[in-house]
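In: Next input, structure requested:
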Amino acid sequence: MKKIFVLIGSRRKNGNTAGFAKRITDRLDKEKFEVEYAFPQDFNIAPCIGCSQCFLRTECVSNDDLRLLHEKILESDVFIIASPVYMHYFTADLKLIIDKSSWWAHTLRLQGKPVVILSTCGTNGHDTVINALDKLITFMGGNVIACSNAAALPRQLGNDKWMQEVSEEIANRINKYAYIPHQSNTDLEELFPHMKAAALMQKAQSEEDGYSIDEFNEYIYWRDTGMINYDSFDKYLNEKYMCKEVVV
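Out: Just a heads-up that it's a prediction; the model follows:
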C-alpha cells in the first residue's frame, strides 16, 4: 500500500483547494493507495522564533506538532502540497510550516520524493503560488512531478471536462512515480553542488573557529546520509534508493 500525504494550506476542508486535490486522489486505486489529508488546524504549530536551533539540532525547540507533521511528509510515497492564492502567495498557515522546516532547504531533506503542487485562485495569481512552492520544494530536495492551478475565471474550477483531464494526468503521474525509486531532476542537479559546497564550507568554518562539527546539524546530515561523498544527487539517489539503503 502506497501512502499519499496531502497538506492543504487552507483551513476550509470543503473548499476549492481541497476539492481540487480530491479530484486527483479519487482517481487512485483505493486498494493500492492510502490517502491522508491534513489541514493547518489539525496541528498545533507554534510561531517560529528565529532561534536558528533547527540548524544545530535534529528538531525544532518548540513543543508542538511539527515533528509529527514532518514524519507524515517523510513517510509518504508521494507528497501533495496545495494552497489557495492569498495576496498572490500561499497562505500564512502554510508559510509558518515552511518557515519552521527551513533546515530541510539546506539538506535536500525530501531526498528526491515525488511531489505534486496545486493551487486555486479567483481571477489572478495563476502561477504565484505554484512557482514559489516549486522553488521551495526543490530546495528541500523534492522531485516536483506536477504543478497545476485551478482558477474560477477563466472557468476551470467549475469546468468538469478541464478538471477531469488535469486530475487524470496528475493521477497517472502519481501512479508512475509512487512505484519507482526517488529521482533527481535538472533543477536538483543544478542545486546539488552549491548545497554541497555550503555544507563543506560549514565544516571548514567550524574547524577554523574551533567548534565541533557535531554541533552543526546540516553538515551532520550530509555526512551521515553519505551525500557529501557524491558529485551529483542522481548518483546518490540511485545508489541509496535502488539498493534500499535509505537513511531516515
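In: and the gap between Arg67 and Cys48?
Out: Distance, Arg67 to Cys48, using Cβ to Cβ, to the nearest Å: 14 Å. Every C-beta, even on glycine, is put in place using the N, C-alpha and C of the backbone.
In: Can you pull the poorly scored residue ranges out of this protein?
Out: Counting by pLDDT under 70, the chain contains low-confidence ranges at 57-58, 213-215, 243-248.
In: Bridged to Pro119, which residues?
Out: Actually, residue 119 is Ser. It isn't Pro. For Ser119, the beta-bridge partners are Ser83, Asn149 (DSSP bridges).
In: contact partners of stretch 90-102?
Out: Contacts of stretch 90-102 from elsewhere in the structure, counted by Cβ atoms under 8 Å, 6 or more residues apart in numbering, are 7, 9-11, 40, 45, 47-48, 54-55, 60, 62, 66, 69-70, 81, 83-84, 86, 89, 109, 119, 129, 132-133, 136, 140.
In: same question, stretch 32-42
Out: By Cβ under 8 Å, 6+ apart, stretch 32-42 touches 1-11, 13, 18, 21-22, 25, 28, 69, 72, 76, 91, 93-94, 97, 174, 178.
In: same thing but at 7 Å, please
Out: With contacts defined as Cβ atoms under 7 Å, 6 or more residues apart in numbering, stretch 32-42 is touched by 1-9, 11, 13, 18, 25, 28, 72, 93.
In: Which positions in it come out as buried?
Out: Phe33, Val35, Tyr37, Ala38, Phe39, Pro40 (16 or more other Cβ atoms under 10 Å).
In: between those, which is nearest Asn238?
Out: Phe33 (25.1 Å; Cβ to Cβ).
In: Can you report how many residues lie near Lys100?
Out: 21 (other Cβ atoms under 10 Å).
In: Buried residues, the helix or strand containing Leu200. List them.
Out: Secondary structure assignment for Leu200, by DSSP states H and E: helix 186-209. Using 16+ other Cβ under 10 Å as the test for burial, helix 186-209 gives Leu188, Leu191, Phe192, Met195, Lys196, Ala199, Gln202, Lys203, Ser206.
In: between those residues, which is nearest Leu157?
Out: Closest to Leu157, out of all of the buried residues of helix 186-209 and judged by Cβ to Cβ, is Leu188, at 31.5 Å.
In: what about the helices in the chain?
Out: Secondary structure of the chain (DSSP state H): helices at 16-25, 66-75, 92-99, 128-139, 160-177, 186-209, 217-225, 233-242.
In: With Ala105 as the reference, name the closest of those.
Out: Nearest of these (Cβ to Cβ): helix 128-139, 4.0 Å.
In: by contact count, what packs against the closest one?
Out: If you count contacts as 3 or more Cβ pairs under 7 Å, 6 or more residues apart in numbering; DSSP states H and E, helix 128-139 packs onto strand 114-121, strand 143-151, helix 186-209.
In: Please enumerate residues in contact with the longest one?
Out: Same thing as helix 186-209. Here helix 186-209 has contacts from 106, 108, 138-139, 141, 143, 213, 216, 218-219, 222, 228, 232-234, using Cβ under 7 Å, 6+ apart.
In: For those residues, name the two members farthest from one another.
Out: Counting by Cβ to Cβ, the most remote pair of the contacts of helix 186-209 is Asn143 and Ile213, 29.0 Å apart.
In: Which of the two has more residues huddled nearby?
Out: The neighbour count for Asn143 versus Ile213, taken as other Cβ under 10 Å, is higher for Asn143 (22 against 14).
In: For Asp224, see how far away the more buried one is.
Out: From Asn143 to Asp224 the distance is 21 Å (Cβ to Cβ).
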